[in-house]
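>>> Next come a sequence and a model predicted from it.
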Amino acid sequence: MKKLIIIIISFLLLWGGWYICYPYFLMWLEGFSFFSTLQDFVPISLHLPADVFHYMGSFLLQLYSSPVMGAAVQALAPIVSLLCIWLVVKRLFTDSDTLFWLPFLALPALVYSQLNDINLEKTCMILTVSVVLAAVIYLVTCFVKPSCNLPGFMHHKLVFILVPMLSVLLSLCLIKTGPLSSQHEDVARLTYMGRQGNWDEIIQTVSRKDALSDDYKKKYMLLALAQTDSLPEYAFKYGLKSSEDFIITDIAGPWDMQYNIQFYRMLGLHNAVIYYAYQQSLQSLPGICSDAVRTLADTYIELKDYTLAKKYVDLLSHSLCNGKWLREHYVELESIKGLEPEYVMIGNQFVLQDFYKDLSSLVTRYPDEKKYVDILLCGLLADKDGNTFMDVFDMVYEKHYKDAPHMPDVYQEALCLVASHEPEIRDIYGIDENVWGRYCDFSAMMTQGKVSLAKRKYADTYWVYSYK
């Protein structure tokens, strides 16, 4: 009974460690893997002996769509291996009941092996070896009865309790502070919230300090600000330094792909979303991943392309844990059946231009979409391209800012820099007297050589940023 209690407590503690520390990362692991029972997928997945462990891992990773189940699998795997080791100990040693602590010596190593095992290949291999070894030892000892003895202190009751307790505590420390880090969980959480459209939650989650110190958090914060029509007010406060802060050009891994998918989805550039979804799949070990398949299905449904949308929805119908998603998407498929796709395939559909050309084209095509305007204007200000900023601002002023209750301060502050040489700018664009007065004070302090004082007093203004 004591042994059962220790096993149950160990499992619950490990489950709690994984669930508390990495719930979103566990869900991310499911999205980065792919499992299918398709007849043409299984042989490809098992063409090498070692691939059987990867296929087993892909099967288990389907459960990670629920962090509760994902944490349970993560906790159960080392416990099963531990029980296999216990069976070996029980068959090889005399007075084995008092040696129940012995398999716990391996628990930290088993947990550590999981921390870099994003496809569960290593975990499944260890599980298989443990089960096979336990079975072999059991069969052998049915015919040969070994009677190995260990020193008396190893049978002590204190050791029986102390070793499992310390082993589990060390395992929890490894989960918390091992190769995985809080950044993995943070980025996975931001990716999840962005995919769900929880932009207000991102704004509440990411502090200014976080945005200034972590590039991913800054990018997702800028994305959330753009989606909530508050980009001009807070972009520079949260570390905007360049137009490149809106997009990732040097792709280093799946996190980058997923962010770019979020960015281009926000802009409504379906071709770019499709392009990065394919790239995301190629970075996964099977060459296809569930998250990218879901992205492609959603995108083609938006485009009312029934044939391609059905192709990707059907792909996931051969997995085991996408039932709710499939039911919803088959209903959406029926709603677009027989409709003409909303785009025409002419030329290379995946050509992406630079940030300014993409945003300028969007502003020109969708002049009523203020989100595009703000991203472009803030990008120009971040790059200190005042001339282009004035050209664009002059084009959008009447539609978006002339009759607005309040023009964003950052735009007024940028206009003040121009108005210092062209006074008519103040009247043309209606710069607030208060803003102009603050600029005059800032300018006077800079002229008098009180640079440090001016930068401290007006630290959050575009004027200080423009002088860096």
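Everything's here; your move.
>>> Low-confidence regions, the stretch 251-400 of the chain specifically.
For the stretch 251-400 of the chain, the stretches flagged by pLDDT under 70 are 343-353.
>>> Apply 50 and report the result again.
Counting by pLDDT under 50, the stretch 251-400 of the chain shows low-confidence ranges at 345-351.
>>> where do the helices sit along it?
Counting by DSSP state H, counting those that start in this stretch, one finds helices in the stretch 251-400 of the chain at the ranges 254-267, 270-283, 290-302, 306-316, 323-336, 355-365, 370-382, 386-400.
>>> Give the buried residues for the fifth one.
This means helix 323-336. Going by neighbour count (16 or more other Cβ atoms under 10 Å), the buried part of helix 323-336 is 325-326, 329, 333, 336. Bear in mind the C-beta positions are built from the backbone N, C-alpha and C, glycine included.
>>> Then stretch 279-288?
In stretch 279-288, the ones that count as buried by 16+ other Cβ under 10 Å are 279-281, 284-286, 288.
>>> now stretch 442-451
So stretch 442-451, judged by 16+ other Cβ under 10 Å, has buried residues 442, 445-446.
>>> What about the residues you listed, which are in helices?
In helices, defined here by DSSP state H, the members of the buried residues of stretch 442-451 are 442, 445-446.
>>> would TSV of those with pLDDT and distance to S81 be doable?
Shown next, in TSV, are these (pLDDT from 0 to 100; distance: Cβ to Cβ, whole Å):
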residue	pLDDT	distance to S81
F442	93	66
M445	92	68
M446	90	67
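>>> can you tell me which helix or strand the nearest residue to L102 once chain neighbours are set aside belongs to?
With sequence-adjacent residues excluded and distances taken as Cβ to Cβ, 6 or more residues apart in numbering, L102 is closest to V89, at 5.2 Å. Assigned by DSSP states H and E, V89 falls within helix 67-92.
>>> and after that helix, which helix or strand comes next?
helix 107-114.
>>> What residues of that following helix count as buried?
For helix 107-114, by 16+ other Cβ under 10 Å, it's 107-108, 110-114.
>>> so which of these comes closest to L376?
L376 lies nearest to Q114 out of the buried residues of helix 107-114, by Cβ to Cβ, at 45.1 Å.
>>> Excluding residues flanking it in the chain, which one is nearest that closest one?
Counting by Cβ to Cβ, 6+ apart, Q114 lies nearest to T123, which is 5.7 Å off, once chain neighbours are set aside.
>>> tell me the contacts of the closest residue in space to L13 that isn't next to it in sequence?
In this structure, L13 finds its nearest non-sequential neighbour in V168, 5.4 Å apart by Cβ to Cβ, 6+ apart. Residues in contact with V168 (Cβ atoms under 8 Å, 6 or more residues apart in numbering) are 9-10, 13-14, 104, 107.
>>> pLDDT and distance to S182 added to these, as TSV?
Below are these laid out as TSV (pLDDT from 0 to 100; distance: Cβ to Cβ, whole Å):
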residue	pLDDT	distance to S182
I9	93	26
S10	94	24
L13	96	20
L14	97	18
F104	93	27
L107	94	23
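>>> Who wins on neighbours among those residues?
L14 (26 neighbours; other Cβ atoms under 10 Å).
>>> Double-check that it belongs to a helix.
Yes - under the criterion used here (DSSP: H, G, I helix; E, B strand; the rest coil), L14 sits inside a helix.
>>> So for the most centrally placed residue in the chain, what's the pLDDT?
With distances taken as Cα atoms, centre = their mean, A188 lies nearest the centre of the chain, 2.9 Å away. Listed pLDDT for A188 reads 94.
>>> right, and the helix or strand after the helix or strand it falls within?
Secondary structure from DSSP H and E places A188 in helix 182-196. As assigned by DSSP H and E, the chain's next helix or strand after helix 182-196 is helix 199-205.
>>> For that next one, name the packing helices and strands.
Contact here means 3 or more Cβ pairs under 8 Å, 6 or more residues apart in numbering; DSSP states H and E; on that basis helix 199-205 packs against helix 182-196, helix 215-227.
>>> Buried residues of the shortest one, list them for me.
So that's helix 215-227. 216-227.
>>> Can you lay out these as a markdown table showing pLDDT?
Formatted as a markdown table, the buried residues of helix 215-227 follow (pLDDT from 0 to 100):
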| residue | pLDDT |
| --- | --- |
| Y216 | 92 |
| K217 | 94 |
| K218 | 95 |
| K219 | 95 |
| Y220 | 96 |
| M221 | 96 |
| L222 | 96 |
| L223 | 96 |
| A224 | 96 |
| L225 | 96 |
| A226 | 95 |
| Q227 | 94 |
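>>> ok, so of those, who is nearest P405?
L225 (18.8 Å).
>>> just checking, that closest one touches Y238?
Yes - using Cβ atoms under 8 Å, L225 is in contact with Y238, at 7.2 Å.
>>> gap between the helix holding A188 and the chain center?
How far helix 182-196 lies from its chain's middle: 4 Å, per Cα atoms, centre = their mean, to the nearest Å.
>>> Give me the buried positions along that helix.
For helix 182-196, the neighbour count (16+ other Cβ under 10 Å) marks 184-195 as buried.
>>> and stretch 427-440, what's its mean pLDDT?
Here stretch 427-440 scores 91 as its mean pLDDT.
>>> Quick check: end-to-end length of that stretch?
One end of stretch 427-440 to the other measures 16 Å (Cα to Cα, to the nearest Å).
>>> Next, the residues that contact it from outside, please.
For stretch 427-440, the surrounding residues in contact (Cβ under 8 Å, 6+ apart) are 393, 397, 401-402, 407, 409, 412-413, 415-417, 419-420, 425-426, 458, 461, 463.
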